[in-house]
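Chemist: Task: produce atomic coordinates for the following.
(chains A and B)
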Number of protein chains: 2
Amino acid sequence: MTFERVWVDGIEGSSVSAFDRGLQYGDGVFETLTCIDGQPRFLERHLQRLERGRARLGLGGAPTATLRRELEQAAAGAARAILKLVLTRGPALARGYQTQGNEAGTRLLLRYEWPAEPPERAEHGVAVRLGTLRFAENPALGGLKHLNRLEQILARREWSDAEHFESLHLAGSGCLASGTMTNLFLVLGERLVTPSVERCGVAGIMRERVLECAREHGIASHVGPIPAECLDAADELFLTNVRIGVVPVTRLPTRRLAPGALTRRLQQWLTDAR
Amino acid sequence: MTFERVWVDGIEGSSVSAFDRGLQYGDGVFETLTCIDGQPRFLERHLQRLERGRARLGLGGAPTATLRRELEQAAAGAARAILKLVLTRGPALARGYQTQGNEAGTRLLLRYEWPAEPPERAEHGVAVRLGTLRFAENPALGGLKHLNRLEQILARREWSDAEHFESLHLAGSGCLASGTMTNLFLVLGERLVTPSVERCGVAGIMRERVLECAREHGIASHVGPIPAECLDAADELFLTNVRIGVVPVTRLPTRRLAPGALTRRLQQWLTDAR
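Modeler: Alright, predicted model coming up:
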């Protein structure tokens, strides 16, 4: 595998306790960061999202200052790298779901090579499937980048061809949710539209940047439940995450689209954004 | 903690790879078995459920015969013990949700002391809360005893007093789902009723035994969506899992109940059931 280094609780290592609640229950949160020229991009945003996630799950563990320092150290010297930071509730202090409140937490930091992104992806766009699995809705977990990722795994198992970059999924309600690893945006007329993550999906950092960027440039946007039919009505479609940035969807099973003008403007505004 | 021994892939140990997909994504299933007089109870049922779970998630790993042998060996010599067997997809072969199909799988076997169950629990019954968190519904995961347990953890974090043994939760649809660690049964008139686990909840081994036992004794039962209002209408209520067996609910926030006649008969029929 294309990883370079692993740190467990700040020390170079490669294993965690068999009792870790991350392993036993998926009891934790994570962040995937991109690093350019030795710097983690959107570092403060990632740290803020981690803090929101920890607060919602009642996770303890290392202070933010420690996480910031370790992320900066891990990024230093790498021209381009991907960092994954996993924070769990730590080794279980007793059997069962109950938390004790004094769990130590475990932090796992992985540094990977950044796979070469095909430049034509952002330029020419990607083909996208419509997945059959619907992502469950739960306001208690909505928006969180937590470690319970079986739905995404099952969704990703629906296809294996290299032709499709991603699949789009509905939420249980029948509204649009997201891709398996990306947030989805639609352009409907003059308006930028993206599914709410209050009940389902991850509050992506690049999604947040796109919405801010739209506000800054006076572009109307709408976040809410988006009917599936809007996929066919959309003038533009694009996917986001911090690794791929903004990538136009140019092929759906039902139609083809050209990369749109607003998609291009957002790509330009967000290039090299920190 | 009250554990005695741990085996990782059949070898005594206490850690797993930081890349394990069980840790990264909760990508796996588990079983909790009780052992009496050196024997795992309901062993074949647990193994069958594991196989169904592995098939649904596309997990590989050790053959069932290996799991059976290791569970039997771990139980041998223990008068009373709890075994927890965790099967994950194993260490990730690449970054991201995609599975490769040739992951080795990891099996983690933990043996714990069986905590002394207060005998008055089965005799006198327990007090139960009504939780506020609703368990999300997804047919892709319904019934599975998988490693994505954040909902149960958050549900269990709703209370910490020792007075309440369990909390009952609705599914997203508003129908009854289950406790955080137990299945729920109601007796309505002559009929035994329990929520379907097709969209939400775990297909418990003791739940299965209760339903079989009812069939064997000519007791009508119904498995399906159960409106929350039935809690107030129920003549009897009880909880099940393999550790506690059949435990009457004698107190809800809204009412008190006596342990019922059918509950008592099921307790008797299922005593020491293998």
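Chemist: Tell me which stretches of chain A form helices.
Modeler: Along chain A, counting by DSSP state H, helices occupy A:21-25, A:43-57, A:64-75, A:119-124, A:150-156, A:205-216, A:230-233, A:261-270.
Chemist: These into CSV, with extra columns for mean neighbour count?
Modeler: (C-beta placed from N, C-alpha, C; glycine too.) Shown next, in CSV, are these (neighbours: other Cβ atoms under 10 Å in any protein chain shown):
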stretch, mean neighbour count
helix A:21-25, 28
helix A:43-57, 17
helix A:64-75, 16
helix A:119-124, 13
helix A:150-156, 23
helix A:205-216, 19
helix A:230-233, 14
helix A:261-270, 17
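Chemist: quick one: which of those helices has the weakest pLDDT on average?
Modeler: Looking at the helices of chain A, the lowest mean pLDDT belongs to helix A:119-124 (a mean of 91).
Chemist: ok, that helix near chain B or not?
Modeler: No: under the criterion of Cβ under 8 Å from any Cβ of the partner chain, chain B is not reached by helix A:119-124; the shortest gap measures 15.3 Å.
Chemist: Just the C-alphas of that helix, formatted as CSV.
Modeler: Provided in CSV are the C-alpha atoms of helix A:119-124 (Å, rounded to 0.1, in the frame of the first residue of the first chain):
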residue,chain,number,x,y,z
PRO,A,119,-5.7,16.3,-14.6
GLU,A,120,-8.4,15.6,-17.2
ARG,A,121,-10.8,14.7,-14.3
ALA,A,122,-11.3,18.3,-13.3
GLU,A,123,-11.1,19.4,-16.9
HIS,A,124,-13.4,17.0,-18.7
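Chemist: if we can go back for a sec, quick one: which of the helices of chain A is nearest residue A:196?
Modeler: helix A:205-216 (11.0 Å; Cβ to Cβ).
Chemist: What are the contacting residues of that closest one?
Modeler: Helix A:205-216 has contacts (Cβ atoms under 8 Å, 6 or more residues apart in numbering or on different chains) with A:42, A:45-46, A:49, A:183, A:185, A:192, A:194, A:197, A:220-221, A:223, A:240-242, A:245-246, A:266, A:269-270, A:273.
Chemist: Mind checking which of those residues land in strands?
Modeler: Among the contacts of helix A:205-216, the ones falling in strands (DSSP state E) are A:183, A:185, A:192, A:194, A:221, A:223, A:240, A:241, A:245, A:246.
Chemist: Would you point out the most distant pair within those?
Modeler: With distances taken as Cβ to Cβ, the most widely separated pair in those is A:223 and A:245, at 19.8 Å.
Chemist: Looking at those two now, which is surrounded by more residues?
Modeler: When neighbours are counted by other Cβ atoms under 10 Å in any protein chain shown, residue A:223 and residue A:245 differ, and residue A:245 comes out ahead with 22 against 14.
Chemist: Please verify my assumption that that one contacts residue A:123.
Modeler: No: Residue A:245 is beyond contact range of residue A:123, at 11.6 Å (criterion: Cβ atoms under 8 Å).
Chemist: one step back: closest to residue B:254 out of the helices of chain A?
Modeler: Going by Cβ to Cβ, the one of these nearest residue B:254 is helix A:43-57, 29.2 Å.
Chemist: hmm, who's touching the closest one?
Modeler: Contacts of helix A:43-57 (Cβ under 8 Å, 6+ apart): A:27-29, A:31, A:33, A:40, A:59-61, A:64, A:67-68, A:71-72, A:85, A:87, A:89, A:144-146, A:203, A:205, A:208-209, B:150, B:153-154.
Chemist: Check stretch A:241-249 too.
Modeler: By Cβ under 8 Å, 6+ apart, the list of residues contacting stretch A:241-249 reads A:32-34, A:41-42, A:82, A:114, A:117, A:121-122, A:124-128, A:165, A:181-183, A:204-206, A:210, A:236-240, A:257, A:259-260, A:263, A:266-267, A:270-271.
Chemist: for residue A:37, what are its contacts?
Modeler: Residue A:37 makes contacts with residue A:79, as judged by Cβ under 8 Å, 6+ apart.
Chemist: From residue A:72, how far out is it?
Modeler: 13 Å (Cβ to Cβ, to the nearest Å).
Chemist: chain center to stretch A:157-167, what's the gap?
Modeler: Remark: stretch A:157-167 is offset 18 Å from the chain centroid, using Cα atoms, centre = their mean, to the nearest Å.
Chemist: That stretch - what's its average pLDDT?
Modeler: The average pLDDT within stretch A:157-167 is 97.
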